[in-house]
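S.K.: sequence plus the predicted model coming up.
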Amino acid sequence: MERPSLEISLPNTPEEGKLYVVDSLNNLNKLTVCPDDAQHVLDEEDENTGGTGGYTAWSNIRNQCLFVVTLILTLIVSLALVSFVIFLIIQTRNKMDQLSSRLISERKSIEELKKMNDMILKHLNQSGIKE
């Protein structure tokens, strides 16, 4: 069985004529694909565009612009979130450095206190032996 060809050779017609023919073929295809309920949608589309398909072209351009704007906004929000995370990492590192330096100084203070305690105990032991 032969399948009908979807390619249609258009004679040398002006550009608007080609668009009209293509739009008419699209409408015919929609009529065969769409149920009868959708016929009023096609009629409204023809009234809005004058049958040239201009509405769908502007709709496609609008959808593409909306997609690009959404993509840009998403990238900006992502960049802001990444910057915030980097800021938090740097702040956490600074706090950890401060905490570790404080722990090191407290460890030195504790060691000095232990040495002083040992010296006091030795002194008390020596003075207790003499008495």
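M.R.: Right, received. Where do you want to start?
S.K.: in this structure, which helix or strand is least confident?
M.R.: helix 39-49 (a mean of 55; mean pLDDT, DSSP states H and E).
S.K.: now the element after that one, going C-ward?
M.R.: Toward the C-terminus, helix 39-49 is succeeded by helix 54-130 as the next helix or strand (DSSP states H and E).
S.K.: just checking, what packs against that next one?
M.R.: With contacts defined as 3 or more Cβ pairs under 8 Å, 6 or more residues apart in numbering; DSSP states H and E, the secondary structure elements packing on helix 54-130 are helix 39-49. For glycine as for every other residue, the C-beta is placed from the backbone atoms N, C-alpha and C.
S.K.: try 10 Å this time
M.R.: Judged by 3 or more Cβ pairs under 10 Å, 6 or more residues apart in numbering; DSSP states H and E, the packing partners of helix 54-130 are helix 15-33, helix 39-49.
S.K.: any low-confidence regions in the chain?
M.R.: Low-confidence segments of the chain, defined by pLDDT under 70, are located at 1-19, 30-54, 129-131.
S.K.: how about 50 then?
M.R.: Low-confidence segments of the chain (pLDDT under 50): 1-3, 51, 131.
S.K.: residue 96 versus residue 88, what's the distance?
M.R.: Residue 88 is 12 Å from residue 96, where distance means Cβ to Cβ, to the nearest Å.
S.K.: likewise residue 115?
M.R.: In this structure, residue 115 and residue 96 are 29 Å apart, going by Cβ to Cβ.
S.K.: what do you get for residue 117?
M.R.: In this structure, residue 117 and residue 96 are separated by 31 Å, where distance is defined by Cβ to Cβ.
S.K.: kindly report the same for residue 102.
M.R.: 11 Å.
S.K.: equivalent analysis for residue 81, please.
M.R.: Using Cβ to Cβ, residue 81 is found at 22 Å from residue 96.
S.K.: before we move on, what about residue 29?
M.R.: Taking Cβ to Cβ as the criterion, residue 29 is separated from residue 96 by 67 Å.
S.K.: next, count neighbours for residue 73.
M.R.: As a burial measure, the neighbour count of residue 73 was computed by other Cβ atoms under 10 Å and equals 10.
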